[in-house]
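> could you look at this predicted model? Sequence included:
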Amino acid sequence: MTKSTTHTISMTQFRQLFPVSDCINVGDDVCVIDMKYDRNLDILKHPCRFDGYLVFFCISGQVRITINLTDFDVVEDSLFINFPGDIITVPELDESQKSSLHFIVMAMTKDYMSGLKVNMPQLMARGVALLNNPCIILTGEERAIAKKYLDLASDILKSNLMYKRECISSLLSSLFYLDGGVIEKRMKDAQARKDVSKLDRSKVIFDRFISVVSEYHTQERGVAFYADKLCLTPKYLSKLVKSASGRSAPDWIDAYVMLEAKNMLKYSDIPIKEIVSRLNFPNPSTFHKFFKAKTGITPLQYRKM
């Protein structure tokens, strides 16, 4: 992959990571991939964004994925959804992990998803906010139904049917409501076990906070800005973020800024002065102090490592 500022991966680039025989697609909008370990996947060792939606169905194996600086375990018989703009990293895999890894992945562009008759973020938000891990382990019944959906999608994509795109669109709309139903069931099970009202509020706000930070961290680093976006006071936002994550709101903002800075320093040739501008620091001196306080070394020293 060529050097870039944010390592945003397009659908075309994503498909190119896999052998042609393992990737079935409709134009540039949607594809289904039978994914086993390939050395091209090593690109995900570095923080990347996929410019669309990814749905992972884990058939076998286990891998730890970092999404927006938080680690999650994806295990056998589980479903994992990655949203546009999420920063995803997959650490180095050992040989046993590589040999057992097997996923079915559905990838869709944002434009394609916007045309489906389903509001994906709204459908998923409540359930995901109540789960400690967005990797959902399916029951035997859920797994069997999900597999039928994926097999049917694969058959349609391989076929010479007319209106193939429209068939896939309807199928995907149904699939996402299936996913939403699974998450809603997990939510009700959690509520039956204990009172999660306080967790609900903190997690919902935290998820919204992270979403806004992901969008604006190169422009704004003050808690007040994000509190205003969420229609909360800075003090109340800080309290909820700390309660939900164990880390302060400024820590999360700084972490995103550092991730962006490290990406540009390590994986691009952008001059440091330009990085200072892109991250909206007032001058190079302020950026150097910020970076050194977080890492113990200067930006130039980090770039040369």
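Yep, it's here. Numbers count the residues shown, from 1 in each chain.

> gap between Asp38 and Leu44?
Distance, Asp38 to Leu44, by CB to CB, to the nearest Å: 11 Å. Every C-beta, even on glycine, is put in place using the N, C-alpha and C of the backbone.

> for the stretch 101-250 of the chain, just list every one of the helices.
110-114, 120-130, 140-158, 164-193, 197-216, 223-229, 234-245, 249-267 (DSSP state H, counting those that start in this stretch).

> next, the contact list for Thr218, please.
257, 260, 278-280 (CB atoms under 8 Å, 6 or more residues apart in numbering).

> and the strand or helix carrying Phe80, which strands flank it?
Phe80 is part of strand 78-82 when elements are defined by DSSP states H and E. If you go by DSSP bridges, strand 78-82 pairs up with strand 52-60 (antiparallel), strand 136-137 (antiparallel).

> of all the ones you listed, which one is nearest Lys164?
Of all the strands paired with strand 78-82, it is strand 52-60 that lies closest to Lys164, at 19.1 Å by CB to CB.

> can I get the closest one as PDB, trimmed to CA atoms?
The C-alpha coordinates for strand 52-60 follow below in PDB (Å, rounded to 0.1, in the frame of the first residue of the first chain):
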ATOM      1  CA  GLY A  52     -17.600   1.400   4.300                       C
ATOM      2  CA  TYR A  53     -19.200  -1.300   6.400                       C
ATOM      3  CA  LEU A  54     -17.600  -4.700   7.200                       C
ATOM      4  CA  VAL A  55     -19.400  -7.700   8.600                       C
ATOM      5  CA  PHE A  56     -17.200 -10.500   9.800                       C
ATOM      6  CA  PHE A  57     -18.600 -14.000  10.400                       C
ATOM      7  CA  CYS A  58     -15.900 -16.100  12.100                       C
ATOM      8  CA  ILE A  59     -16.000 -19.800  11.000                       C
ATOM      9  CA  SER A  60     -12.900 -20.800  12.800                       C
END
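
> what angle sits between it and helix 164-193?
Computed with axes from the mean of the first three to the mean of the last three CA atoms, to 10 degrees, the direction of strand 52-60 lies at 70 degrees from that of helix 164-193.

> in strand 52-60, what counts as buried?
52-59 (16 or more other CB atoms under 10 Å).

> how about stretch 58-77?
For stretch 58-77, a neighbour-count test (16+ other CB under 10 Å) marks 58-59, 61, 63, 65, 67-69, 72, 74-75, 77 as buried.

> show me how far the strand holding Phe80 is from its chain's centre.
10 Å (CA atoms, centre = their mean, to the nearest Å).

> show me what the next helix or strand after it is packed against.
For strand 78-82, the following helix or strand on the C-terminal side (DSSP H and E) is strand 87-89. Helices and strands touching strand 87-89, by 3 or more CB pairs under 8 Å, 6 or more residues apart in numbering; DSSP states H and E, are strand 48-50, strand 63-67.

> now tabulate the ones you listed in CSV and tack on mean pLDDT and distance to Ser243.
Formatted as CSV, the helices and strands packed on strand 87-89 follow (pLDDT from 0 to 100; distance: least, CB to CB, whole Å):
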stretch, mean pLDDT, distance to Ser243
strand 48-50, 79, 28
strand 63-67, 81, 20
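
> reformat those strands as JSON lines; add distance to Lys110.
Converted to JSON lines, the helices and strands packed on strand 87-89 look like this (distance: least, CB to CB, whole Å):
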{"stretch": "strand 48-50", "distance to Lys110": "10"}
{"stretch": "strand 63-67", "distance to Lys110": "17"}
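
> I appreciate the help and will end here.
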